[in-house]
Structure formats: structure tokens, C-alpha cells
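J.: only the shape, not the letters, is given here:
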Ligand code: FES
Ligand SMILES: [Fe+2]
């Protein structure tokens, strides 16, 4: 596999940011897929997004003001509503009637659910309405996550996704006294196709895996893990009567930077009290993934052929196949056909 066929999936929802990072009346300037995006939350709490460039003379709109209803550019005071409509050009005199709609800013569809804001990144040449829904964390209604950790990886999205789903790196990358040991053992897992991705159906956690879950007590942990495009992983665990769901999302910032967001939803009330500890653990764990990805960048500069193997790299291969199929199905205007076939994968880790 050659490394230079990097492209971003478009016409798809990406995780943008945690809801609590943008309060009513606030604007947040971000870059997604190399595009500057201004996110605003109006007085009534509704989040909208538009291109963060003034159509007049290109000053970022985020340099201006937001009154909870409209954004005003700091250069000549042009104003835009939450839909990106140009509503005022102060320099025009009474007789200078102008069709302001010529100066609208591109807007983006955004959705807010369960404490997360998602953004639909269209293909501007071939825009299509959303075909898939944003992922829902079952059983948590409108509840926000109890814990969120965000980390930037210095790489193209594919390497962050593949690195996070890679089952064979743990004993080498995630060495901590509280997390496993160097002894490799064989893992056997069933994988099924699921919407825009694949799922490891609910299974019992082996006694030697996930020491942290056993700390919670209350029975044998059962776990289901699913992955879907463009880079969303949901791990649902049941421990006795309790449920813990971990949502990990991957969002491209640019060709060389990717944001990974790790959130925890759970029925365990004490999770909130352990935020500082969870923060340290998440920083350590994700930091180990980031460090190895940093090293990988050194080699990737030479654009080598990557030799993916069976079965431990099968999920990586599926990811590339899913991504290509999504792009192709859109380009050809046909239905997405999931390339994943149900099967058992075995590896040592
Ligand atoms: S550059 Fe924004 S109003 Fe002129
Ligand atoms: Fe990892």
C-alpha cells in the first residue's frame, strides 16, 4: 500500500468539539479538513457554523464581534446572521441598493447531541445531503459525557485511525504498571459488518484483559466495540448493572494534524470525581499512541510502501476499503456497499 493516496472523506459528519466549549453568545474559530470554520452559539443556545473568512477582504470573522445573534467583521463592519447571510454593509449610502445575498458566507450543517457538536463537511464541488446519521450513544439520551479528553496527533487522519484501532501495538506501546504486561497471548474475535464500518459483537472480557474494568466489580464485564467512518469508535461495556461507553472520534485538522477526542459516558456516578485521575490516565495512554505516531512520521516522509498483514492489520485494511468505497459510491451516485465480510480474526498481543 502506497502512502501518497491521502484524501479527506467529504459529504460526511465529523466530530467538531465538546458542547461545553462554546457557551451562548460565544464564537469559536477552528480548522477542519484545512478549512477555517467559525462556530457560534446564539442567545437561544443554537449552534451554527460558517466559513471564518469575511467575503469582503478576507479578515477572519472571528476577529470581529458576535452579539449573540449576528457576527460583525472587525474591518468594515459587514454583518452576517447565523446562516451566513450578509445582513448589513454599513458603508452603503441610502441610494446604493445592493443585493446583499451576493456576499453570503458559506455555512455548514451542524448537529448537537449528547454533549457533542458534529459538523457536516460537504464536497463543495459535489455537495450531497447527509446520507448517514451522526452516531448515537445508546441509553444516554441527552446526557453529556462525564469525561472528555482531546489530543492532537501530528499526522494525517488515516494514521491516527489505524493507530488507534491497531490490536498488535499494545504490548509495545502501552507499557504501564497498571496496563497488561509483556506476555503475548492469542486473541480470537468475531467481526461483523455494521453500518459504514464493523463491529466486534458483545463478548465477555477475558480475565487477563482490562484490569480497570475489574476494579469496578459487579460481575464479568461484557464489551461490544464498533467502528464506522469517518473515524468513530464506540466501545460499550456492561459490568453488572452498570454501563460504560467510550466514544473516540478522529477529526482531520489539516494534512498533518488530526484531533482525537476521547469521551466517557457511564452510569457510574463516581466517574465525575475521578476526572483528574482519568485525565492523567488518558494523557498517558493517548500520549503513548501519539508518541509512536510522531516516530512513524519520520519514516512516512520517504513515502514507503506499507506492508499490512493478516489478521492483525485486517481492521486497518477494512478502514482503507471502507473509505475508498464511501468516496467511490458518492462519486458514482450509487449506494454504499460495505466491503467488510463477517469473520473471525486471530492475533497475538
Ligand atoms: S474585510 Fe470584512 S468587512 Fe471588510
Ligand atoms: Fe494505542
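T.: Done, it's in. Keep in mind that this is a model prediction, so the values were computed, not measured. Ligands and ions are numbered 1, 2, ... in the order given.

J.: quick check: closest non-adjacent residue to whichever residue of the stretch 151-300 of the chain sits closest to ligand 1.
T.: Taking Cβ to the nearest ligand atom, ligand 1 has its nearest neighbour within the stretch 151-300 of the chain at residue 254, 24.0 Å off. Any C-beta I mention is one placed from the backbone N, CA and C, and that applies to glycine too. Excluding its sequence neighbours, the residue lying closest to residue 254 (Cβ to Cβ, 6 or more residues apart in numbering) is residue 34, at 5.1 Å.

J.: for residue 55, same thing?
T.: In space, residue 55 is closest to residue 103, 5.0 Å off (Cβ to Cβ, 6+ apart).

J.: now residue 162
T.: Once flanking residues are discounted, residue 162 sits nearest to residue 316: 4.4 Å by Cβ to Cβ, 6+ apart.

J.: quick one, phi psi at that neighbour?
T.: phi -60, psi -40 (degrees, to the nearest 10).

J.: wait, it sits on residue 166?
T.: Yes: between residue 316 and residue 166 there is a contact under Cβ atoms under 8 Å: 6.7 Å.

J.: out of those two, which sits in the more crowded spot?
T.: residue 316 (21 against 18; other Cβ atoms under 10 Å).

J.: next, the buried residues of the longest helix along the chain.
T.: Secondary structure of the chain per DSSP state H: the longest helix is helix 275-300. The neighbour-count check on helix 275-300 (16 or more other Cβ atoms under 10 Å) flags 278, 281, 282, 285, 286, 288, 289, 290, 292, 293, 300 as buried.

J.: repeat for stretch 220-237
T.: 221, 223, 225-237.

J.: quick one: contacts for the closest residue to residue 36 other than its chain neighbours?
T.: Leaving aside its sequence neighbours, residue 36 sits nearest to residue 52 (Cβ to Cβ, 6+ apart; 3.9 Å). Counting by Cβ atoms under 8 Å, 6 or more residues apart in numbering, residue 52 makes contact with 29, 36, 37, 38, 60, 61, 62.

J.: one more: residue 202?
T.: Contacts of residue 202 by Cβ under 8 Å, 6+ apart are 222, 223, 224, 236, 238.
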